[in-house]
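[1] coordinates for the following, if possible.
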Amino acid sequence: MNDSFDVLMKLILPESIEEYFELTSYKKEGEELHLYLREINSIPAEYQNNKLISKGFFAEATVQDFPIRGYLVFLHITRRRWLNEDTGKVVYRNWDMVAQGTRITKDFAAFLKEIGRYPGT
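    Take a look at the predicted model:
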């Protein structure tokens with residue numbers, strides 16, 4: 001994405017989302033705008049002292065966001081998971097901690113936490 005587009009996306013997307021996600025693509029379909037977000041590979045603060053290895057992503061989740069200029073907006077969110085080599089367990093970012101320490105809205109953090117409740121996690 002180009003710099004101007006990145007600046008525009010920061011105005012449209014929930015606050016501080018660029019700290020944790022990258023916009024990988026977008027598409028317009030009729031009266032819908034689809035934005036694809038992938039969690040960046042930055043170690044969660046609570047695991048800074050552990051050895052983590054990126055182990056891919058959870059299944060994509062889609063949430064409808066606020067309409068923009070007459071378009072329905074859908075955020076397609078892909079969250080990252082890591083293997084904690086110290087414990088052998090799969091870990092992921094704790095959105096309760098993020099919501100307290102950043103400007104991400106509590107509603108958006110609650111959504112991210114909820115979509116993280118996949119079987120086996």
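[2] show me where the protein has its helices.
    Counting by DSSP state H, the chain has helices at residues 3-12, 95-101, 106-115.
[3] looking at those, which has the lowest confidence?
    The minimum mean pLDDT among the helices of the chain belongs to helix 95-101 (a mean of 57).
[4] least confident secondary structure element in the chain?
    In the chain, no helix or strand scores lower on mean pLDDT, DSSP states H and E than helix 95-101, which sits at a mean of 57.
[5] now do the strands in this protein.
    Counting by DSSP state E, the chain has strands at residues 21-29, 32-39, 52-57, 61-68, 71-78, 80-84, 89-91.
[6] those strands into CSV, with extra columns for distance to residue 113?
    Glycine gets a C-beta too; all of them are placed from N, C-alpha and C. Converted to CSV, the strands of the chain look like this (distance: least, Cβ to Cβ, whole Å):
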stretch, distance to residue 113
strand 21-29, 15
strand 32-39, 13
strand 52-57, 16
strand 61-68, 11
strand 71-78, 12
strand 80-84, 14
strand 89-91, 14
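[7] to residue 3, which of the ones you listed lies closest?
    strand 21-29 (12.5 Å; Cβ to Cβ).
[8] chain center to that closest one, what's the gap?
    Relative to its chain's centre, strand 21-29 lies at 12 Å (Cα atoms, centre = their mean, to the nearest Å).
[9] sheet partners, orientation included, of it?
    Strand 21-29 pairs in its sheet with strand 32-39 (antiparallel), by DSSP bridges.
[10] off-centre distance for the strand it pairs with?
    On Cα atoms, centre = their mean, the centre of strand 32-39 falls 10 Å from that of its chain.
[11] buried residues in that strand?
    By 16 or more other Cβ atoms under 10 Å, the buried positions in strand 32-39 come out as 33, 34, 35, 36, 37, 38, 39.
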